[in-house]
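Novice: What shape does this take:
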Amino acid sequence: MIYKELGKTKEKVSAIGLGTWQLGEITESKVDAIRAGLDNGIDFIDTAEIYGTEDLVGEAIKNRKKPFIATKVWPSNFKYDSVIKACESSLKRLGVPQIDLYQLHWPNKSIPIKETMSAMERLVEEGKIRYIGVSNFRPEEVDEANKALKKSEIVSDQVEYSLIVRGAEKKILPYCKKKGLSLIAYSPLGHKKLVSNKHPELTETLKEIGEKYGRSPVQVALNWLISMDNVIAIPKASSKEHVLEDAGAADFVMTKGDIAKLNEVSAKFQSKSLYQMVGPLVSVYLKFKRIF
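Specialist: Reported below is the predicted structural model:
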């Protein structure tokens, strides 16, 4: 397993993490999947209060060495007191005394960012969280949030990034590199489009390169992401089999030529990100909630 520094924290986490979006309720197979990842070098788990999977993560890590836990507060809870309460609720569901990375899930223009970040810093001071991150934030929004902090710094931005959703390369990835932030890539397999033959030429290229290294297309696609110094990928921990396959993506190095080939082929099949499709709806929802 490859381990990378999270932002400028000097804290190292596995380059492949465990995503829990859409995992749903607790089942033995899901608990086993998360534990399989932990037993095979993965020490980073990402969840969120809105996912409804914090209790699943809590069950999976019970009576085990605590991994690096990242979760998120939903933007409707960005008011000062709501941030504090949301964090305390997340801690209870996770069954841990401290959250390692607490992230703002989406921007919320209807609540002053200074108010939100003030609450986040209080949580750091009280030892309830260690580091502050954001998700689905544009560079200018990260800057604004950072300026609202007095003692802490934002360490990461979690955005959608894969071979077929590469919009992050235009502004967010260069910004993160310049500022020393980690980019946490969600949906790193393009919602399974990379392995569904939706784009045959890209799928075939992944297979060809995989044969060269004795790896699967999934492992090649994930390795392409983590070949970038500050990128961490969090594929969904959907089954023990898939988690073990994902973990195997972080123990080989592709040549620059193979990476360039993937860049060239994937450029033909770009899709819109979840942020582009859902972001405007989230903004409308938050404005509506604020008014009523």
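Novice: Between the two ends of stretch 250-259, what distance do you get?
Specialist: 15 Å (Cα to Cα, to the nearest Å).
Novice: Just the residues contacting it, thanks.
Specialist: Residues from elsewhere that reach stretch 250-259, judged by Cβ atoms under 8 Å, 6 or more residues apart in numbering: 1-2, 14-16, 41, 209, 212-213, 215, 219-220, 222-224, 226-227. C-beta here means a position set from N, CA and C on the backbone, and glycine is covered the same way.
Novice: quick check: mean pLDDT across that stretch?
Specialist: Per-residue pLDDT over stretch 250-259 has a mean of 96.
Novice: Equivalent analysis for stretch 23-39, please.
Specialist: Here the average pLDDT along stretch 23-39 is 94.
Novice: ditto for stretch 200-217
Specialist: Stretch 200-217 comes out at a mean pLDDT of 95.
Novice: Now do the same contact list for the nearest residue to residue 99 once chain neighbours are set aside.
Specialist: Excluding the flanking residues, the one nearest residue 99 by Cβ to Cβ, 6 or more residues apart in numbering is residue 129, at 4.6 Å. Listed by Cβ under 8 Å, 6+ apart, the contact partners of residue 129 are 87, 98-102, 120, 123.
Novice: Now with 6 Å, please.
Specialist: Taking Cβ atoms under 6 Å, 6 or more residues apart in numbering, we find residue 129 in contact with 99, 102, 123.
Novice: Now the last one: closest residue in space, sequence neighbours ignored.
Specialist: Translated: residue 123. What sits nearest to residue 123 in space, not counting adjacent residues and going by Cβ to Cβ, 6+ apart, is residue 129, at 4.5 Å.
Novice: next one: phi and psi at the one you found?
Specialist: Backbone torsions of residue 129, given as degrees, to the nearest 10, read phi -130, psi 160.
Novice: Okay, it and residue 102: tell me how far apart.
Specialist: 4 Å (Cβ to Cβ, to the nearest Å).
Novice: same deal with residue 223?
Specialist: Residue 223 is 29 Å from residue 102, by Cβ to Cβ.
Novice: With residue 225 instead?
Specialist: 23 Å.
Novice: swap in residue 131?
Specialist: For residue 131 relative to residue 102 (Cβ to Cβ), the value is 7 Å.
Novice: Between these two, tell me which one has more neighbours.
Specialist: Legend: neighbour count by other Cβ atoms under 10 Å for residue 131 and residue 102, higher for residue 102 (25 against 22).
Novice: Surely that one is within a strand?
Specialist: Yes. Assessed with DSSP: H, G, I helix; E, B strand; the rest coil, residue 102 lies in a strand.
Novice: Model confidence score at it, please.
Specialist: pLDDT, residue 102: 98.
Novice: Distance-wise, check it relative to residue 74.
Specialist: Residue 102 is 12 Å from residue 74, by Cβ to Cβ.
Novice: just checking, residue 7 touches residue 184?
Specialist: No. Residue 7 is not in contact with residue 184 according to Cβ atoms under 6 Å; the separation is 10.2 Å.
Novice: ok, the two, which is more surrounded?
Specialist: More crowded of residue 7 and residue 184, by other Cβ under 10 Å: residue 184, with 30 against 23.
Novice: Low-confidence stretches in the protein?
Specialist: Counting by pLDDT under 70, the ranges of the chain that qualify are 191, 272-292.
Novice: ranges for the strands of it?
Specialist: Counting by DSSP state E, one finds strands in the chain at the ranges 3-5, 12-14, 18-19, 44-46, 68-73, 99-104, 129-135, 154-160, 182-186, 231-233.
Novice: Could you export those as TSV, including distance to residue 147?
Specialist: Converted to TSV, the strands of the chain look like this (distance: least, Cβ to Cβ, whole Å):
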stretch	distance to residue 147
strand 3-5	23
strand 12-14	26
strand 18-19	30
strand 44-46	26
strand 68-73	19
strand 99-104	14
strand 129-135	13
strand 154-160	10
strand 182-186	20
strand 231-233	25
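Novice: closest to residue 34 out of the ones you listed?
Specialist: Counting by Cβ to Cβ, residue 34 lies closest to strand 18-19 out of those; the figure is 5.8 Å.
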